[in-house]
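Participant: dropping a prediction and its sequence here:
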Amino acid sequence: MLNEIVINRYNLLRNLSFIKEQNPNSLICAMVKANAYGVGMKEIVKILDEKVDFFGVASAQEAVRLRKYTKNKILIVSPIERKSVIDNDFSYTCCDIEDVEFLINKKVVANIHLKVNTGMNRYGFNSIKEFKCALSLIKKSKLKLEGVFTHFATSDDYVDKQMKIFNKYILVTKRAGFKPIIHADNSSVCELKNHHLDMVRIGFNLYNRFSDNFLSVAEIKSTITQIQEIKKGELVGYDRRFVAKKKMRVAIIPIGYADGLSLAYLGMKLNIKGEECEILNICMDCFMLDVTKLDVKKGDKIGILNNLNPISKFAKYRHTSEYEIMCNFSSVRATRRIIN
């Protein structure tokens, strides 16, 4: 295939090792939702399967796919999907008392994690009263309270406010006689404000360089499929988005907006072999790159996402988060290869 995602096994294991060093007494939940943030669920699980305690996904559909690759515990972190098949093969998240009642009425034996909203205001229980009622129902049911967790919105001092609220729910849980896995910290919070809870959930920073303690795991490589010699006044691509002001050489690269490279990247410059090369136009299946100053030819390999063109560079150009960029690139049509 013309495009390739190269996964660095050493860097992935080094990132995991750092988290374990910071949390020697905690379980590890490796988040592999959204195809392992675009890196590749199958490949990541192959490397980490015997080195973590849980894998985390966002949906029942992802959980079913993940089960093909592992016998490990799988936690679905999003709310219960009413139309999905509920069984004891996965751990489910209950975000309110209705989720708990739904599972009880289904008369299933299942592991559940109660999610608490402590200030992110996305999913989770919003009151101690409702939470206590849920605990009472669980105690009388076939459900097993495997975990209680929250989700931090930031890694700054707002974490302290959220943790103060979460501690109240932890106390209520223990007073009710439960001993679930308590988890809240992600890898960035662990590094800055470690709470040393029962489990750490690691996602984005498992795959990307968040600080000097983390390494980038994946690179995207592509192939020049054609070189066009363009004259002054000629168009490049659709809709007159680029008209040549001089004679130039343009490389066609088979990654387009169907692969996550949106039109918002027009004008961005990629560092190719030490030269800053401008993206002139983008189509569904390819983009056009100014290689006038480069000695390249059809068939040459070039790096799209790498140390010279890190994910932070794409995010800065788009004025958005690195999370969004990484998920956008999850749709790149490419083969995946693990290197050591």
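Facilitator: Here it is on my side, so go on.
Participant: can you give me the helices in this structure?
Facilitator: 9-22, 33-37, 41-48, 60-67, 97-106, 128-139, 158-175, 187-193, 204-207, 311-318, 322-328 (DSSP state H).
Participant: how about JSON lines for those, with mean neighbour count, mean pLDDT and distance to Lys232 added?
Facilitator: For every residue, glycine as well, the C-beta is placed using N, CA and C. Putting those into JSON lines (neighbours: other CB atoms under 10 Å; pLDDT from 0 to 100; distance: least, CB to CB, whole Å) gives the following:
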{"stretch": "helix 9-22", "mean neighbour count": "17", "mean pLDDT": "94", "distance to Lys232": "45"}
{"stretch": "helix 33-37", "mean neighbour count": "22", "mean pLDDT": "93", "distance to Lys232": "43"}
{"stretch": "helix 41-48", "mean neighbour count": "20", "mean pLDDT": "97", "distance to Lys232": "46"}
{"stretch": "helix 60-67", "mean neighbour count": "18", "mean pLDDT": "96", "distance to Lys232": "51"}
{"stretch": "helix 97-106", "mean neighbour count": "18", "mean pLDDT": "95", "distance to Lys232": "64"}
{"stretch": "helix 128-139", "mean neighbour count": "16", "mean pLDDT": "98", "distance to Lys232": "69"}
{"stretch": "helix 158-175", "mean neighbour count": "16", "mean pLDDT": "97", "distance to Lys232": "54"}
{"stretch": "helix 187-193", "mean neighbour count": "19", "mean pLDDT": "77", "distance to Lys232": "49"}
{"stretch": "helix 204-207", "mean neighbour count": "24", "mean pLDDT": "91", "distance to Lys232": "43"}
{"stretch": "helix 311-318", "mean neighbour count": "17", "mean pLDDT": "94", "distance to Lys232": "27"}
{"stretch": "helix 322-328", "mean neighbour count": "18", "mean pLDDT": "88", "distance to Lys232": "34"}
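Participant: of all the ones you listed, which lies closest to Asn213?
Facilitator: helix 9-22 (5.1 Å; CB to CB).
Participant: tell me the angle that closest one makes with helix 41-48.
Facilitator: Orientation of helix 9-22 against helix 41-48 (axes from the mean of the first three to the mean of the last three CA atoms, to 10 degrees) gives an angle of 60 degrees.
Participant: counting by contacts, list what helix 9-22 packs against.
Facilitator: Judged by 3 or more CB pairs under 8 Å, 6 or more residues apart in numbering; DSSP states H and E, the packing partners of helix 9-22 are strand 27-31, helix 41-48, helix 187-193, strand 199-202, helix 204-207.
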